[in-house]
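Participant: Sharing a model prediction with you, sequence too.
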Amino acid sequence: MKKRWLWLVMVLLITVPIGAVVIGNIERAGFRPKVDARAVVLMDLNTGRILLSENGDIPLPPASMSKLMTELVILDDIKTGKKSWDDEVQISDTASGVSGIKIALKSGEFLTVRELFQSITVYSANDAAVALAEHFAGSEEAFVQKMNAKAKEIGLSSSTHFVNASGVESHTDNDQEWSSERETVMTAEDTAKLAAHLIKSHPDILSTSSKTQTKISGRNLYLSNTNWMLPSLGGPYSYEGTDGLKTGYTVNAGYCFTGTAEKQGSRLIAVVMGTESKEARFEETRKLFDYGFAKTLTWKERLDDWFQYSGIAAALSHDKLALSHDKLALSHDKLAV
């Protein structure tokens, strides 16, 4: 009788901690997460399959996530030899006067294509985006035509269209409602497709988007990455395997994020649009990543991930100590008998 109770205690000591971790990490267990955002999409990049979509086909303001198309057009032109990373770009009055997040470019100064591109990718600078658009197409308007043509070329839906290179929203009167006809809009599914095409066509983009900082030469200016999920940042929102891709915020868009992470050769793209805070966009993305990797990794790979990044290992170590103690107690009982 005593043995039976002892074995029952041993089973409980093992299963209860594991069950607690599974419940606390329900997305990692493969259960569909509850995500608080206006729209979300999760894509398996390896297969192109959409693993989860909520309002994924609804056109919404993407804020700076539209710069993914800006980056694609620029990278395509550099790849074909039309432009070079070392080209010097003279900053115009228009670029220096753009609103929103920027690096305070001054009219008449020169920066290289590389410096401006890194300012877009790492820091999401609007003035750098406009400066590059003018350099690559002669004017921002002409560059926007290239953006929309590229969207059609790679198969994005007609619900997505661009009106500028930066994602900045037009200033409207207080009595004038936001209009999708006058602003850049993207669906979450199109954003995921764009991100997938960007990574597949230009995988080196991840080397730039994963930088924690970038420096503007001659200014002694360091720009920090706005993606708080990068493991190298080591903060509370860091997520192992994350190496991109683009954050965004405007009043109408809310807080947005297109993230990508890779584990065990499986790469996911998560799009979150319209959360209430900058922290929430990363918290919701974490849910999507956990859920996605539970779907795309084998059980062995998932267990390896759990043991490495969750509290299971610590819980089981504690259980082993408890079991060792129980075995010693059992041996003592046998000797007593």
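Facilitator: Received, thanks.
Participant: switch to C-alpha atoms for all contacts and neighbour counts from now on
Facilitator: Noted.
Participant: what bridges to residue 267?
Facilitator: With DSSP bridges applied, the residues forming beta bridges to residue 267 are residue 262.
Participant: from what I can see it touches residue 261, true?
Facilitator: Yes. Residue 267 is in contact with residue 261 according to Cα atoms under 8 Å; the separation is 5.6 Å.
Participant: any idea how far the residue most central in space within the chain is from residue 96?
Facilitator: Taking Cα atoms, centre = their mean, the centroid of the chain lies closest to residue 259, which sits 1.4 Å from it. Per Cα to Cα, to the nearest Å, residue 259 is found 29 Å from residue 96.
Participant: Please name the residues that touch residue 58.
Facilitator: 39, 159, 186-188 (Cα atoms under 8 Å, 6 or more residues apart in numbering).
Participant: Tell me which two in those are the farthest apart.
Facilitator: 39 and 159 (14.4 Å; Cα to Cα).
Participant: ok, the two, which is more surrounded?
Facilitator: residue 39 (23 against 14; other Cα atoms under 10 Å).
Participant: Strands of the protein, residue ranges please.
Facilitator: 39-44, 49-54, 88-90, 110-112, 213-216, 221-224, 242-250, 254-263, 266-275 (DSSP state E).
Participant: Identify whichever of these lies nearest to residue 72.
Facilitator: strand 242-250 (12.6 Å).
Participant: Rounded mean pLDDT for the closest one, please.
Facilitator: For strand 242-250, mean pLDDT rounds to 97.
Participant: name the helices or strands packed onto it?
Facilitator: Counting contacts by 3 or more Cα pairs under 8 Å, 6 or more residues apart in numbering; DSSP states H and E, strand 242-250 packs against helix 205-209, strand 254-263.
Participant: As JSON lines, these with mean pLDDT and distance to residue 102 would be great.
Facilitator: Formatted as JSON lines, those follow (pLDDT from 0 to 100; distance: least, Cα to Cα, whole Å):
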{"stretch": "helix 205-209", "mean pLDDT": "98", "distance to residue 102": "17"}
{"stretch": "strand 254-263", "mean pLDDT": "98", "distance to residue 102": "17"}
